[in-house]
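Visitor: Could you look at this predicted model? Sequence included:
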Amino acid sequence: MSDAVPSAPEQPSDKMETQVRLPDQPDVPPAYNSHFVPGPPGPGVPPHAGCPGSMPFGYYNPQQSSSFPLYQPTGSTFPIQYQPGRYPMANQSAPVVWMPGPPLMPNCPPGLEYLAQLDNIHVLQHFEPLEMITGFETNNRYDVKNSVDQMVYVVNEDTNDFTRNTYRTLRPFVLRVTDCMGREVMTMQRPFRCTCCCFCCPSTRQELEVQCPPGVTIGFVAEHWNLCRAVYSLQNEKKENVLRVHGPCLTYGCGSDSVFEVQSLDGISTVGSIIRKWNGVLSTMADADHFDIHFPLDLDVKMKAMIFGACFLIDFMYFEKSAAPPHARR
């Protein structure tokens, strides 16, 4: 008798192929609501600064988790630092120090845990000398810091060249707020409002929508018509007025700080303030604004986000310098 072990009968190749099945593809994710404007796509690994096709630091694509910089564990007492070259700054000689990552908090939109621990923040706009020389409007960039000069957020405008240079200070825009990991934690959108008709018409009043996380509206900043001063309402997601902002009279930001008070609806109590700091000649010649924002430590974190959002609408409406193109100057 033969000692050979009987082998399994051979099967046709086409039947074997049918037995090997790839895993089912995931369902298409649900679309965001109609107000959400998705961020620009990016490569899996961010290229070095200056390379063709590179994206500004801070844009977040949910499918490129490997592109995040080093993460600091929650609760760590050491600040996050980036070595020179890892983060685009005007001064590359010093590392960027980030505020320690806060723990998760109940009833707090993800990403707003930083604001829950602060009672004041500083918004610093990047100076763009090329914009002042050429007159070509570029995307605005801002650093958001706490009182000890630690970075809290980075804010990048995401608007195309045609829109920026056609509508200038009246342009509709999308601002993307990112944290230390490059995640987009907040989105601010300003729709276009025509100002060529009657200035007291409701359709000409400016508005800013704040989403946190992106795609989930938490409130609106709505302008009110007033003859001599800036007046805004800070609204919740149902467009119900919660607080109001009262600006100064006459010309804004000429030789002194401009204070925009955040008040209760009845105007009796002052809740906080948005102060545009006067930076001398630089304030009149270029877009390099510095805002100090103050609010109570125990204020609802969503209202802190709304005061934060009002700062940017105020900046675009009153302090954004739109340089004339070279051909217009000639």
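Guide: Great, that's in hand.
Visitor: What segments of the chain are helices?
Guide: Remark: helices assigned in the chain by DSSP state H are 13-19, 113-116, 129-134, 161-167, 281-285, 301-314, 326-329.
Visitor: rank those helices by mean pLDDT and give me the bottom one.
Guide: Note on these: helix 326-329 shows the lowest mean pLDDT, a mean of 44.
Visitor: Give me the pLDDT value at residue 127.
Guide: At residue 127, the model reports a pLDDT of 81.
Visitor: so how far is residue 121 from the nearest residue to it once chain neighbours are set aside?
Guide: Nearest non-adjacent residue to residue 127, counting by CB to CB, 6 or more residues apart in numbering: residue 288, 4.0 Å away. Backbone N, C-alpha and C define where each C-beta goes, glycine included. Noted for residue 288: a distance of 17 Å to residue 121, by CB to CB, to the nearest Å.
Visitor: who has more neighbours, these two?
Guide: Remark: of residue 288 and residue 121, residue 121 carries more neighbours, 22 against 16, as counted by other CB atoms under 10 Å.
Visitor: Let me know whether that one touches residue 307 as I believe.
Guide: No: look at residue 121 against residue 307 with CB atoms under 8 Å: they stay out of range, at 9.5 Å.
Visitor: anything in contact with each of those two?
Guide: residue 293 (CB atoms under 8 Å, 6 or more residues apart in numbering).
Visitor: What's the local residue count around the nearest residue to residue 302 once chain neighbours are set aside?
Guide: Leaving aside its sequence neighbours, residue 302 sits nearest to residue 218 (CB to CB, 6+ apart; 5.0 Å). Residue 218 has 21 neighbours, counted by other CB under 10 Å.
Visitor: repeat for residue 267
Guide: Residue 267 has 10 neighbours, counted by other CB under 10 Å.
Visitor: Please apply the same query to the one 5 residues further on.
Guide: Number of residues near residue 272 (other CB under 10 Å) recorded here: 20.
Visitor: which non-adjacent residue is nearest it?
Guide: Closest to residue 272 by CB to CB, 6+ apart is residue 295, at 3.7 Å.
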